[in-house]
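Engineer: what's the 3D shape of this:
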Amino acid sequence: MDEVAGISIRRYTDDDFAAVCALNGMGQNEPYAGAVFIRQAGALYRSTFLCAVCDGVVCGYTIGAPVTGGSAAAWIPVIFLSVHPENHPARSLYDSLGYMVTETICGYFGEGEDRMIMKKVLNTAKSSSLSPCR
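Structural biologist: Residues are numbered from 1 along each chain as shown. Down below sits the predicted model:
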C-alpha cells in the first residue's frame, strides 16, 4: 500500500491475527474478548484495518470504522490511540510522530490490561479564497 521510513502499510489479513494479538498485549492473561474483537474487526472493517510492517514483521496496526450518517467524507483534526505502557518500541514511534500522552487508564481492556491514551492534533489549516461567514 504505502512505505515511509522503512515501514510499509498494508491491509490486515487473517495471517496477521497472532501478530496483532501480541501487539495488543494479548498473551497469557488477555481476555478472550480481545481476540474476538480483532477477529470481528478483520471481517467487518477489512478495508480500513491496516498493519504497519517493519522488516517483514507486523509492528503496529490501526482499525478504522465508518462514521454513521452515510457521508463519504470526514474531518480528522485529532487522532487518539491506545498503547500498552510497557510497549516501548510503539511508544517511541508514536513519540517521534508527535503524539502526546493524555492519560493512563487502568484496566482499559480488563484487569491488568492498562493502556496509555495518546493524542496527536493534525494541522488541517489551509488557506482558502472563500469569504468568512457574515
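Engineer: going forward, measure contacts between C-alpha atoms and count neighbours the same way
Structural biologist: Will do.
Engineer: ok, the closest residue to Thr48 other than its chain neighbours - how many residues close by?
Structural biologist: Nearest residue to Thr48, sequence neighbours excluded (CA to CA, 6 or more residues apart in numbering): Gly64, at 4.9 Å. Per other CA atoms under 10 Å, the neighbour tally for Gly64 reads 12.
Engineer: isn't Gly64 right up against Tyr45?
Structural biologist: Yes - under the criterion of CA atoms under 8 Å, Gly64 makes contact with Tyr45 at 6.8 Å.
Engineer: Average pLDDT for the longest helix along the chain, rounded please.
Structural biologist: For the chain, the helix reaching the highest residue count under DSSP state H is reported as helix 32-44. Taken as a whole, helix 32-44 carries a mean pLDDT of 84.
Engineer: Would you map the strands across the protein?
Structural biologist: Defined through DSSP state E, the strands belonging to the chain, from first to last, are 2-4, 7-11, 49-54, 57-63, 78-83, 100-105, 115-121.
Engineer: With mean pLDDT and mean neighbour count as extra columns, can I get the ones you listed in CSV?
Structural biologist: As requested, the strands of the chain are exported to CSV (pLDDT from 0 to 100; neighbours: other CA atoms under 10 Å):
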stretch, mean pLDDT, mean neighbour count
strand 2-4, 55, 9
strand 7-11, 88, 18
strand 49-54, 89, 19
strand 57-63, 86, 17
strand 78-83, 83, 14
strand 100-105, 93, 15
strand 115-121, 89, 19
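Engineer: got the contact list for Thr104?
Structural biologist: Under the criterion of CA atoms under 8 Å, 6 or more residues apart in numbering, the contact partners of Thr104 comprise 114-117.
Engineer: For the residue nearest to it when sequence neighbours are not counted, name its beta-bridge partners.
Structural biologist: Nearest-residue entry for Thr104: Met116, 4.2 Å, with adjacent residues in sequence omitted and distances by CA to CA, 6+ apart. In this structure, Met116 has the following beta-bridge partners (DSSP bridges): Val83, Thr104.
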